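> Show me the folded form of this:
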Amino acid sequence: MNNPVFSQKERNIIILILVLALGAILLYAMRGIYGAILGTMVMYTLFRGINIFLIERWRWPKPLSAVLLIVISIFIIVLPFVGIGSMLLKKAVKLQQDPTWITQMIDAINKFAGDTFGKPDLLKEQVEQSAAFFGELLTSILGGAANIFLEITVMYFILYFLFVNYKGFERGIVYYMPFDAQQSSVFGNELKNITYSNIVGQTIIAIVQGGCLAIGFWIFGVRDAVFWGVICAILSFIPLLGPPLIFVPAALILLSQGQTWPAIGLLIWGFVLVINIDNVLRFIINKKVGDIHPLITVVGIIIGLPLFGIMGLVYGPLLLAYFLIAVKIYKTNKRLSLRKAQLEERQ
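Next up, the predicted model:
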């Protein structure tokens, strides 16, 4: 029996409006776990090949394969981040309880700047100018860290079911994507390469740069070499700009203390070795896996930190890279459609 109030077309429009309204409500309600969802996609991409190998080649039960991969990922990804966060927190508490050496460092640099450049309040001016920005940034990062446990729990909950039902998940993604089979394959390969390049490649660069800088600090007599090496590894996610934020101030401190040659040696070590490690390794990774332009990384980090906290160092560049891949696929699809229309007109 037909509805006497609405036609079939009107009913379809009303249902579409209801779907869009409910979808918008759901998206708003899920805003606190966007990082978990993005993390799930990243983890699935990283471990997808191993999951398929264990299930299809070694005939493992799907739940067993999923649990094993989750445990492995916790040990090689989550626990190191927890350890780094714990170390940074302890250091921050220690500095808050005993800020004497920070005051001495500022006074030493100000004295050096006053004697050399005639600006005795050089460091004070810079600190005041950047205090507001870094205060907001630190608040954002700590706020993200407060929700990290919830996000990890949600991420692994979703990830387990994706690993177990990987065929249905991938069929559903391909079915609902607005691309043909060939473009879907290209899109999937681009996502995989960008993810590997940003996660695996950038992690290798960060570890090597942080280790080299820690060695340099130890050689030239800078205190807390391991701690600053870890900070350098985190900042290494910012191409070219990250490591100098650590070793240049350290060299200035050595210079202000009258240790001229160690300061010069540390600058040479930083600019010649640490910076060029980034260039060499990034070139190798780009040839082997995929290329993320440094500008995309920097802009992605600026976008990602307020959204995802400390994980924005990873998620921000990935999100921006995924967006650019989607735009690229759209332009290709549009170009093919225009070409097809032109061929039909000629016929």
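> C-alpha only now, for contacts and for neighbours.
Noted.
> got the contact list for A225?
L213, A214, I215, F217, W218 (CA atoms under 8 Å, 6 or more residues apart in numbering).
> Not including adjacent chain positions, what is the nearest residue to it?
Spatially, and ignoring its direct neighbours in sequence, A225 is nearest to A214 (4.8 Å; CA to CA, 6 or more residues apart in numbering).
> Isn't that neighbour up against A233?
No: A214 lies out of contact with A233 (CA atoms under 8 Å); the separation is 9.7 Å.
> Would you check how far apart E344 and S337 are?
Using CA to CA, to the nearest Å, E344 is found at 11 Å from S337.
> no, scratch that, I was asking about L18
With distances taken as CA to CA, L18 is found 31 Å from S337.
> repeat for V164
Between V164 and S337 the computed distance is 37 Å (CA to CA).
> Would you mind telling me which of these two has more residues around it?
With neighbours defined as other CA atoms under 10 Å, V164 and S337 compare such that V164 has more, 20 against 12.
> Tell me who's in contact with the more buried one.
Each residue near V164 by CA under 8 Å, 6+ apart is listed here: K62, P63, A66.
> Any regions of the stretch 201-347 of the chain where pLDDT drops low?
Applying pLDDT under 70 to the stretch 201-347 of the chain flags residues 240, 285-294, 309-310, 347.
> ranges for the helices of it?
202-219, 225-235, 244-256, 260-268, 275-288, 294-308, 312-346 (DSSP state H, counting those that start in this stretch).
> Likewise for the stretch 1-150 of the chain?
Using DSSP H, counting those that start in this stretch, the helices of the stretch 1-150 of the chain run over 8-29, 34-52, 62-73, 79-97, 100-117, 122-146, 148-164.
> now for the second one, which elements pack on it?
It stands for helix 34-52. Under the contact criterion of 3 or more CA pairs under 8 Å, 6 or more residues apart in numbering; DSSP states H and E, helix 34-52 touches helix 62-73, helix 148-164, helix 181-196, helix 312-346.
> I'd like the ones you listed as TSV, with distance to D278 appended.
Listed next are those as TSV, based on distance: least, CA to CA, whole Å:
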stretch	distance to D278
helix 62-73	25
helix 148-164	29
helix 181-196	16
helix 312-346	16
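> To L245, which of the ones you listed lies closest?
Of all these, it is helix 312-346 that lies closest to L245, at 15.8 Å by CA to CA.
> buried sites along that closest one?
Using 16 or more other CA atoms under 10 Å as the test for burial, helix 312-346 gives 312-322, 325, 329, 333.
> With stretch 225-241 instead?
Neighbour-count burial for stretch 225-241 flags 225-240 (criterion: 16+ other CA under 10 Å).
> now stretch 185-202
Buried residues in stretch 185-202, counted by 16+ other CA under 10 Å: 187, 190-199, 201-202.
> In CSV, list the C-alpha atoms belonging to that stretch.
Output of stretch 185-202 as CSV, limited to C-alpha atoms (Å, rounded to 0.1, in the frame of the first residue of the first chain):
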residue,chain,number,x,y,z
SER,A,185,44.2,-0.8,-5.7
VAL,A,186,46.3,2.3,-6.4
PHE,A,187,44.8,4.1,-3.5
GLY,A,188,45.5,1.1,-1.2
ASN,A,189,49.1,0.9,-2.3
GLU,A,190,49.6,4.6,-1.9
LEU,A,191,48.2,4.4,1.7
LYS,A,192,50.5,1.5,2.5
ASN,A,193,53.6,3.1,1.2
ILE,A,194,52.9,6.4,2.9
THR,A,195,52.2,4.7,6.2
TYR,A,196,55.3,2.6,6.1
SER,A,197,57.4,5.6,5.1
ASN,A,198,56.1,7.8,7.9
ILE,A,199,55.8,5.2,10.7
VAL,A,200,58.7,2.8,10.0
GLY,A,201,61.0,5.1,8.1
GLN,A,202,60.6,8.1,10.4
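> these two touch, right, S65 and I55?
Yes: using CA under 8 Å, S65 is in contact with I55, at 6.9 Å.
> re the thing from before, least confident of the helices of the stretch 1-150 of the chain, on average?
Ranked on mean pLDDT, the bottom entry among the helices of the stretch 1-150 of the chain is helix 122-146, at a mean of 51.
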